[in-house]
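A.B. asks: Predicted coordinates and the sequence they were generated for:
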Amino acid sequence: EPEVTQTPSHQVTQMGQEVILRCVPISNHLYFYWYRQILGQKVEFLVSFYNNEISEKSEIFDDQFSVERPDGSNFTLKIRSTKLEDSAMYFCASSEPSGGATGANVLTFGAGSRLTVL
Amino acid sequence: GEDVEQSLFLSVREGDSSVINCTYTDSSSTYLYWYKQEPGAGLQLLTYIFSNMDMKQDQRLTVLLNKKDKHLSLRIADTQTGDSAIYFCADRSGNTPLVFGKGTRLSVIA
């Protein structure tokens, strides 16, 4: 079964450092997403991406964050200068065009990248 | 903004039924979803229900939707130890992003 893969599975970084989290979405999916989950908190939406541009972003997704699809397969999340409160599990997801056959717009998630900022 | 609430923990004996509850605030939700997260794994879609339905059954899983009360439940029949995981309720309105709850940790006691 097709899956979304994320790397690294765990990254430890110093405050102020730049971090890039990588994702390979499912190949025929056209919508891409980043979510995050701070320990013990809800899974929160960060950003959605379609047709090589951001389609929606949350208040969390400030100027420190950026996303890119550098080639036909990767989708990256960059945090420019990490803060302690960026420590979280970051999930990448992708979905089919136009909600898929059912219109339910089912998101397929990766296993997550745990970011620890010291 | 929209909110989704779930109880954080549920413990059941193997073979019993589990019922995980969720409430949401968005009256214009179109789809509601249940995702499962096993240790070290991503969020795996279990099932979803369209907002004009009140029940959906899929093998051991039964989803009940009370749209008037904005209440969603997931029943797992004959719960097994392999069902131990965190279960997330999520809702979506139109093309807006999924809104998740905090997740319910289900522990199955053998």
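C.D. replies: Alright, I've got the coordinates. Predicted model, so just to flag it, every value in this text is computed and none were measured.

A.B. asks: Please name the bridge partners of the residue nearest in space to the middle of chain A.
C.D. replies: For chain A, the residue sitting closest to the mean C-alpha position, by C-alpha atoms, centre = their mean, is A:Trp34 at 2.6 Å. Residues found in beta-bridge contact with A:Trp34 (criterion: DSSP bridges) are A:Val47, A:Cys92.

A.B. asks: how about it, what does it touch?
C.D. replies: Shown here is A:Trp34, whose contacts under the criterion C-beta atoms under 8 Å, 6 or more residues apart in numbering or on different chains are A:21, A:23, A:46-47, A:67, A:77, A:90-93. (Glycine included, C-beta is placed from N, CA and C.)

A.B. asks: which residues touch residue 16?
C.D. replies: With no chain named, the answer covers chain A. Here A:Gly16 is in contact with A:81-82 (C-beta under 8 Å, 6+ apart).

A.B. asks: wrong one, I was asking about chain B
C.D. replies: B:Thr79.

A.B. asks: Where does B:Ala90 sit: helix, strand or coil?
C.D. replies: Assigned state for B:Ala90: strand (three-state reduction, DSSP: H, G, I helix; E, B strand; the rest coil).

A.B. asks: how many other residues sit next to A:Val24?
C.D. replies: The burial metric for A:Val24, expressed as a neighbour count using other C-beta atoms under 10 Å in any protein chain shown, is 16.

A.B. asks: wait, isn't it in contact with A:Pro70?
C.D. replies: No: counting by C-beta atoms under 8 Å, A:Val24 stays clear of A:Pro70, with 11.6 Å between them.

A.B. asks: Mind listing the shared neighbours of the two?
C.D. replies: With contacts defined as C-beta under 8 Å, 6+ apart, no residue is adjacent to both A:Val24 and A:Pro70.

A.B. asks: how near is B:Thr62 to chain A?
C.D. replies: 18 Å (C-beta to the nearest C-beta, to the nearest Å).

A.B. asks: Contact residues of chain A facing chain B?
C.D. replies: A:4, A:6, A:33, A:35, A:40-45, A:48, A:56, A:58, A:91, A:93, A:104-112 (C-beta under 8 Å from any C-beta of the partner chain).

A.B. asks: of those residues, buried ones?
C.D. replies: A residue is treated as buried here by neighbour count (16 or more other C-beta atoms under 10 Å in any protein chain shown); on that basis the buried members of the residues of chain A next to chain B are A:4, A:6, A:33, A:35, A:42-45, A:48, A:58, A:91, A:93, A:104-112.

A.B. asks: Take those residues and keep only those in strands.
C.D. replies: With strands identified by DSSP state E, the entries of these that belong to them are A:6, A:33, A:35, A:43-45, A:48, A:91, A:93, A:108-109.

A.B. asks: can I get those in CSV with distance to B:Leu61 and pLDDT?
C.D. replies: What follows is those, written out as CSV (distance: C-beta to C-beta, whole Å; pLDDT from 0 to 100):
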residue, distance to B:Leu61, pLDDT
A:Gln6, 27, 96
A:Tyr33, 25, 96
A:Tyr35, 23, 97
A:Val43, 20, 91
A:Glu44, 26, 93
A:Phe45, 25, 95
A:Ser48, 28, 94
A:Phe91, 22, 96
A:Ala93, 21, 95
A:Thr108, 18, 91
A:Phe109, 19, 93
